[in-house]
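*Asks:* Below: sequence and its predicted model.
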Amino acid sequence: MKEFVAGPLLSKVITPEDLRKIPKEKMAQMCQELRDYIVDMVSVKGGHFGASLGVVELTVALHRIFNTPYDQLVWDVGHQAYGHKILTGRRDQFHTNRQYKGISGFPKRSESEYDTFGVGHSSTSVSAALGMAVASKLQKLQDKQHIAVIGDGAMTAGLAFEGLNHAGVENSNMLVILNDNCMSIDPNVGALKEYLTDITTSSTYNKVKDDVWHLLGKISKFGPNAQAIAQKVENAVKTSLLNQSNLFESLKFRYFGPIDGHDVMRLMDVLEDLKNIPGPKLLHVLTKKGKGYHYSETGNPTQWHAPGLFNKETGEIVKVVPKSPEPPKYQDVFGHTIVELAEKNEKIVGVTPAMPSGSSLNIMMKAMPDRAFDVGIAEQHAVTFSAGMATQGLIPFCNIYSSFMQRAYDQVIHDVALQDLPVVFCLDRGGLVGADGPTHHGAYDLAYFRCIPKMVVSAPMNEEELRNLMYTAQTGKYGPFSIRYPRGKGVMQNWKTPFKEIPVGKGRKVKHGEEIAILGIGHIGNLALKAAEILEQEGISAAMYDMRFVKPIDETLLHEVFSKFDKVITVEDGCIQGGMGSAVLEFMADNDYQATVKRLGVPDRYIEHGTQNELYKECGYDVDGIAETARKMAQKAGAKGELSYS
């Protein structure tokens, strides 16, 4: 293993308490050493990159000025918390970041007392920090500080505004730091971005405000009456210098900034001052994603969000060249197919909440910019916006990661399904996603969509099926329609086949067999097929069925299965509680069949991070796990007619 050497200052820091012992004037050097360590580590281990480099100075300043972990620091989201992890006792473990059995890539309460809140998803920090602040107030811990660090991209979510709205009237002791770099993963969009730009570029406002701030800092030391007078003067100056009232001031936050987020000395001075100002405060900090590393500063910021491995000396991102042509990623099949369909069907539009690159909707955004919409980090809005377009005769393809769709579940039920609207939900990253871990695993969509009336729930086994399911859904004949597919590559090199409409609710037999039936749903069915082929070589005759639909489930196919087989295995890359296997058991019970059924899928616990194959193996539905389950069933087969399931 490559040895990672921390600089002379960083090597002395095990916890933030050590950081506070180092002279203030050496903090710029500390920032450089921390930045170098992140570059060294991520270049050979991979992970999120640009976001953490952008907040190095802010991270150092926060841990030096505030008494963490007593003072509560909440990050939003965890992409920017690598420096935080290194400074809080995990430097020596950081080489295991995002690896199987290693530390998480996101703040995680069970991992460290410095991780005050789990933050894999965005826009939660304000509400969480406010809850902590209110709890401290009730517990009479008036000296306790509560800090939420939120990116400007995360500020577009409704939850962030809900938290700000409440915090403004709760008057608890909390500080929101708005990390403004015009980026989440892709460039930010929307009116808030334009508003922040207006504040940032108002040179008159910033010069006068800085002068007033220094003056008011002196006045406020003369007691509460002076503080009240000072705040009135401050508010009057701010309002008069802006063409519009300050958004955050209107929510009863005291607004400070914008200031340079890469000036660690200035940051420390400002944070020290803000510690002594009661009530809700917002500090607007300007940063650059990828700051301090030439190639990420000057390159494509989306690419440098999580570049994979790279040569730190040249900035060349390591690309593994396959020995032979490989199948495409499912997300790219979606991206090219929606353009192909939209060229033929003018009713088709595309929608994504801030993930155009991750979902490959950027292909449509480039080809048809007036028909593809990035709505920002706002999953609830994405769904209801899609529903609104559907009422006017359009066919929206709403592309959202499976785990992010959880944030818009009410909108799916209330605004789409209840009104029987033809919104097509393309759920990317369905199943276990790998290194991002439990906050991003798409484990629940088959179960939580299956229980919604009028919802078609499908999953393609390969790229051809994904194209044909999209083609089927775009007809608009079936109402709400969900198509889920995994992170990563498919199985077909020649995937651009002619479109065919798939009968909704119909599966298919992929392999004949006589002893055991294996029922798969989605891409994981390819592993089930391989297992069935291995079993055949061992003398165990296993049939394999591609169910394609969890709802409506293919009852004709299931009648065939349970009429012929008394040993059945279901395989799904999702939770077994309420998923496809549960649907099969329900059918069996409702139709008075008796068989031994073994369900394979994500067990009833949270699965940590690792590669997808490592996690499939842990959960027992990699090729070996499926085959071994079948072997045990063949060995322990009871008398036909005996009912058992697990």
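*Replies:* Ah, there it is. Numbers count the residues shown, from 1 in each chain.

*Asks:* Nearest spatial neighbour of Ala128, chain-adjacent residues omitted?
*Replies:* Using Cβ to Cβ, 6 or more residues apart in numbering and skipping residues adjacent in sequence, the residue nearest Ala128 is Phe117, 4.5 Å away. No exception for glycine: its C-beta is placed from N, CA and C like everyone else's.

*Asks:* so what's that neighbour up against?
*Replies:* The contact partners of Phe117, taken as Cβ atoms under 8 Å, 6 or more residues apart in numbering, are Val74, Trp75, Pro107, Arg109, Thr124, Ser125, Ala128, Ala129.

*Asks:* List just the nearest of these to Ser359.
*Replies:* For those, the closest approach to Ser359 (Cβ to Cβ) belongs to Thr124, at 21.6 Å.

*Asks:* okay, now the closest one: neighbour count?
*Replies:* 23 (other Cβ atoms under 10 Å).

*Asks:* The residue lying closest to His512 once chain neighbours are set aside and Ala532, how far apart?
*Replies:* Nearest non-adjacent residue to His512, counting by Cβ to Cβ, 6+ apart: Ala543, 5.7 Å away. Distance, Ala543 to Ala532, using Cβ to Cβ, to the nearest Å: 7 Å.

*Asks:* The residue nearest to His512 and Glu533: what is the separation?
*Replies:* Distance from Ala543 to Glu533, by Cβ to Cβ: 12 Å.

*Asks:* Which one's more surrounded, these two?
*Replies:* Ala543 (21 against 14).

*Asks:* what are the phi and psi angles of that one?
*Replies:* Note on Ala543: backbone dihedrals following degrees, to the nearest 10 are phi -90, psi 150.

*Asks:* Would you check that it makes contact with Phe565?
*Replies:* Yes: taking contacts as Cβ atoms under 8 Å, Ala543 lies within contact range of Phe565: 7.3 Å.

*Asks:* what touches both of those two?
*Replies:* With Cβ under 8 Å, 6+ apart as the test, Ala543 and Phe565 both reach Ile516, Ala517.

*Asks:* Domain-wise, how is the protein divided?
*Replies:* Domain assignment for the chain, taken from automatic domain parsing, gives 10-202+242-295, 330-484, 508-645.

*Asks:* Quick one: end-to-end length of the second one, please.
*Replies:* What it means is domain 330-484. Terminal residues of domain 330-484 are spaced 10 Å apart (Cα to Cα, to the nearest Å).

*Asks:* Quick one: mean pLDDT over it.
*Replies:* On average, the pLDDT along domain 330-484 is 97.

*Asks:* got it, and stretch 585-602?
*Replies:* In the prediction, stretch 585-602 has an average pLDDT of 98.

*Asks:* Start the count at 56 instead of 1 going forward.
*Replies:* All set: I'll call the first residue 56, so the last point we hit is now stretch 640-657.

*Asks:* so how far is that stretch off the chain centroid?
*Replies:* Centre-to-centre, stretch 640-657 and its host chain are 33 Å apart (Cα atoms, centre = their mean, to the nearest Å).

*Asks:* how would you label Gln84: helix, strand or coil?
*Replies:* Secondary structure for Gln84, judged by DSSP: H, G, I helix; E, B strand; the rest coil, is helix.

*Asks:* Contact partners for it?
*Replies:* Gln84 touches Gly62, Leu64, counting by Cβ under 8 Å, 6+ apart.

*Asks:* how close does it sit to Leu142?
*Replies:* 14 Å.

*Asks:* same question, His496
*Replies:* 28 Å.

*Asks:* can you check Pro63 too?
*Replies:* 15 Å.

*Asks:* Likewise for Ala597?
*Replies:* Ala597 is 53 Å from Leu142, by Cβ to Cβ.

*Asks:* Neighbour count for those two, which is higher?
*Replies:* Comparing Ala597 with Leu142 by other Cβ under 10 Å, the one with more neighbours is Ala597, at 29 against 25.

*Asks:* what sits against the more buried one?
*Replies:* Lys566, Gly568, Glu570, Ile571, Ala572, Ile573, Ala586, Ala587, Leu590, Glu591, Ala685.

*Asks:* Among those residues, which ones are in helices?
*Replies:* Ala586, Ala587, Leu590, Glu591, Ala685 (DSSP state H).

*Asks:* Now, of the residues you listed, which are buried?
*Replies:* Buried subset of those (neighbour count, 16 or more other Cβ atoms under 10 Å): Ala586, Ala587, Leu590, Ala685.

*Asks:* which pair in these spans the largest distance?
*Replies:* It's Ala587 and Ala685 that sit farthest apart of those, by Cβ to Cβ, at 7.9 Å.
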